[in-house]
Each structure stands twice: as C-alpha cells, then as structure tokens.
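Q: this one's structure only:
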C-alpha cells in the first residue's frame, strides 16, 4: 500500500510542477486561467477561487491548465492569444522548465547525500558484501585511524597502506567507534591484482558540490534522452522500450522498495523525461506550440488558428493512440491480466 501511494505521489508531483509552471507564468503575464486540473477523467474535487476552477480528477495520468482563448478565438483582452508572443512563449516553456528545476533540486539532494566523490574520507560508509571486513563486523561510521601502526588520516593513506601490505599476513586495523578506540585483526584478499579488505569510504559532504552534482546528473539525463531519440530513429531500440503512465508508476513502485535515494533518482529522471518529451516539436505538445509561436515572432503575425488547431488535433489523436498501445503493453509487461 505504501509503495502504491509513493508511486502515485511521485507521478502526480511531476505533473503538478509541470502544470504549476504554466499556471504561474500565465498569471504573471495577466492571462485568464479558467481551470487548473491535476489528473484526468471524472472529478473528485473542485473548488473555484477567483476566476480559476481548481480540480482534482480520478485518473493520475496527466493534468492541464485551461487558459481563456488558448484553443479558440476570444475578444477577452486577457485571452491567451491577445498577449504578446514572448509572454506566450514564456507560459508554454514554463512547464518543462519547472520539470528541469525539480530534477535539479532532487538530484542535488541525492548528490549531497552521496558526498563529493573526489573527496573520500577515512570514515566508512559500509563494507563489501561477503568480504573480510563484513565478516569481522566493521561498521558504517567507523573511522580508521591506523593500519599496522601506520597513521591513516585520509582515504588515500588507507588504500595505499592496504595495497602495499602482504596479502598473506593479517592487518591490524585501529579505528574509532562511538568515541572509543578499537583494534581488529583482518586477513586481506587479492582481487584483480589488488590487496583489499572490503571497506567502502564515505565522502565529504558539500552543498556546493551537491548542487553541482544535481546539475551534472540532470544534464546527463538530458543527453541520455537525446541518445534514446537517436536510437529510435536508427532502429537500435524499438517503441517497446517506451513506458506509459502504468509502466512509469510500476517502476516508481520498484524504486520505492529500494530506498529513498533510488526513488529520488527516478523522480529526477521522470521529471527530466517529461520536460524533454514536452519540448519535442510534435503537434499537441508544448514543443510544437513553441514552434508556432517562434514562427509568429519571425513573421510578425500568427498562423491561422484553425490550421494550427487542426494540426494539434491530429497530433493529439496520434499521441492518444500511441498512449493506448503503450499502456496496453505496460499492462501485459507487468502481468496485470495474469
């Protein structure tokens, strides 16, 4: 039950932030927002505040912001089509931008919790499974201060001392645990030509390094999305690798069972995925609307709204059909039908 709640919460959070981006910028530039909806299908809850209806719907598979004059002609001076093109570009782009911001925030948290990978310390983060250190009872948080009476104030000194030792002789490990000094004797082992005992360092935690790591991980995910699109067009992967809401929620559930950090990494990836996908120039997506708006900027006048709406409608039908196919495959993949 907790896994299901975590899955739905994460999925809705990504959608909420995306739609909140559109909503916030629309309000800032003076566009009338008629409805802010999270979810699709039948209404579970609705409340009108000012000019905007806030709605929660039954199916946690999407959301939308309904703006006056977005898809039809309107004489309202606060209609979407009656504000400057640059303002409309800001409104449309804000959804994806919010997804990237969310990804940077959660991935910065992950990066901070991992520490600066360039700065390992002599305090341990744990041990390698089934290693001498694990069998001996070396624990997370132990601070190794000496090996064979050689002081070890840094991880480099620990690694160097172990690697230079005789693999056939026990090592004397002196460490601090809970403020008390303890001594262990441990027999090392050799793996890939290296003498080891199976310990894992912790890393210095730095807010700056955490934020830098968050940006780097977000950038890596964006590059991964470009590579995935390229592989689809070159036939290296098929559409079978795509996942819809059902598949995504299932993956979130698996990540939730593996711990908070894994869940946050997946949250960041999904958020980047949604932002990236929405910026693709596919009719009905934000990317396509941005293309039309940039054309309007260049031409000095908008493209005929009926033609644009027809193009978006065709794109919407295509995307809905694709979503149905992907959802069916997701259901088969997770064996919903037994």
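A: All right, it came through fine. In this text, all values refer to a predicted model and were calculated from it rather than measured experimentally.
Q: State the next helix or strand along the chain beyond the helix or strand of the chain with the lowest mean pLDDT.
A: Here the helix or strand of the chain ranked lowest by mean pLDDT, DSSP states H and E is helix 245-257, holding a mean of 59. For helix 245-257, the following helix or strand on the C-terminal side (DSSP states H and E) is helix 260-278.
Q: just checking, what packs against that next one?
A: Counting contacts by 3 or more C-beta pairs under 8 Å, 6 or more residues apart in numbering; DSSP states H and E, helix 260-278 packs against helix 2-28, helix 85-114, helix 207-233, helix 245-257. Just so you know, the C-beta spots here come from the backbone N, C-alpha and C atoms, and that holds for glycine as well.
Q: And the strands in the stretch 51-200 of the chain?
A: Applying DSSP state E, counting those that start in this stretch to the stretch 51-200 of the chain gives strands spanning 52-67, 120-127, 143-147, 150-151, 171-177, 180-186, 189-191, 194-196, 199-203.
Q: before we move on, the earlier item: which of the helices and strands packed on helix 260-278 is buried the deepest?
A: The highest mean neighbour count among the helices and strands packed on helix 260-278, using mean count of other C-beta atoms under 10 Å, belongs to helix 85-114: a mean of 21.
Q: How far away from the center of its chain is stretch 221-241?
A: Between the centre of stretch 221-241 and the centre of its chain there are 18 Å (C-alpha atoms, centre = their mean, to the nearest Å).
Q: The residue lying closest to residue 62 once chain neighbours are set aside in helix, strand or coil?
A: Once flanking residues are discounted, residue 62 sits nearest to residue 40: 4.9 Å by C-beta to C-beta, 6 or more residues apart in numbering. Using DSSP: H, G, I helix; E, B strand; the rest coil, the structure places residue 40 in strand.
Q: Against residue 231, how distant is residue 40?
A: From residue 40 across to residue 231, the span is 30 Å (C-beta to C-beta, to the nearest Å).
Q: can you check residue 33 too?
A: Separation of residue 33 from residue 231 (C-beta to C-beta): 38 Å.
Q: and if you look at residue 321?
A: Residue 321 is 22 Å from residue 231, by C-beta to C-beta.
Q: contacting residues for residue 14?
A: By C-beta atoms under 8 Å, 6 or more residues apart in numbering, the contact list for residue 14 reads 99, 102, 267, 270-271, 274.
Q: cutoff 6 Å now
A: Residue 14 is in contact with 270-271, 274, counting by C-beta atoms under 6 Å, 6 or more residues apart in numbering.
Q: ok, and the closest non-adjacent residue to it?
A: Distances taken as C-beta to C-beta, 6+ apart place residue 271 nearest to residue 14, at 5.0 Å, with adjacent residues excluded.
Q: I'd say that neighbour and residue 99 touch.
A: Yes. Using C-beta atoms under 6 Å, residue 271 is in contact with residue 99, at 4.6 Å.
Q: Find residues that contact each of the two.
A: Common neighbours of residue 271 and residue 99 (C-beta under 6 Å, 6+ apart) do not exist.
Q: got JSON lines for the strands of the stretch 51-200 of the chain, with distance to residue 299 and mean pLDDT too?
A: Compiled in JSON lines, these are given as follows (distance: least, C-beta to C-beta, whole Å; pLDDT from 0 to 100):
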{"stretch": "strand 52-67", "distance to residue 299": "22", "mean pLDDT": "89"}
{"stretch": "strand 120-127", "distance to residue 299": "57", "mean pLDDT": "92"}
{"stretch": "strand 143-147", "distance to residue 299": "67", "mean pLDDT": "95"}
{"stretch": "strand 150-151", "distance to residue 299": "73", "mean pLDDT": "94"}
{"stretch": "strand 171-177", "distance to residue 299": "71", "mean pLDDT": "94"}
{"stretch": "strand 180-186", "distance to residue 299": "74", "mean pLDDT": "93"}
{"stretch": "strand 189-191", "distance to residue 299": "65", "mean pLDDT": "91"}
{"stretch": "strand 194-196", "distance to residue 299": "65", "mean pLDDT": "92"}
{"stretch": "strand 199-203", "distance to residue 299": "54", "mean pLDDT": "93"}
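Q: Which one, of the ones you listed, ends up nearest to residue 293?
A: Proximity to residue 293, assessed across the strands of the stretch 51-200 of the chain by C-beta to C-beta, is greatest for strand 52-67 (13.8 Å).
Q: what does that closest one rub up against?
A: Identification of contacts with strand 52-67 by C-beta under 6 Å, 6+ apart yields 8, 11-12, 15, 19, 22-23, 26, 31, 33-47, 80, 245.
Q: Buried residues of it, list them for me.
A: Going by neighbour count (16 or more other C-beta atoms under 10 Å), the buried part of strand 52-67 is 52-55, 57, 60-67.
Q: now it against helix 85-114, angle please.
A: 110 degrees (axes from the mean of the first three to the mean of the last three C-alpha atoms, to 10 degrees).
Q: tilt between strand 52-67 and helix 2-28?
A: 70 degrees.
Q: Show me how far strand 52-67 is from its chain's centre.
A: Distance of strand 52-67 from the chain centroid (C-alpha atoms, centre = their mean) equals 22 Å.
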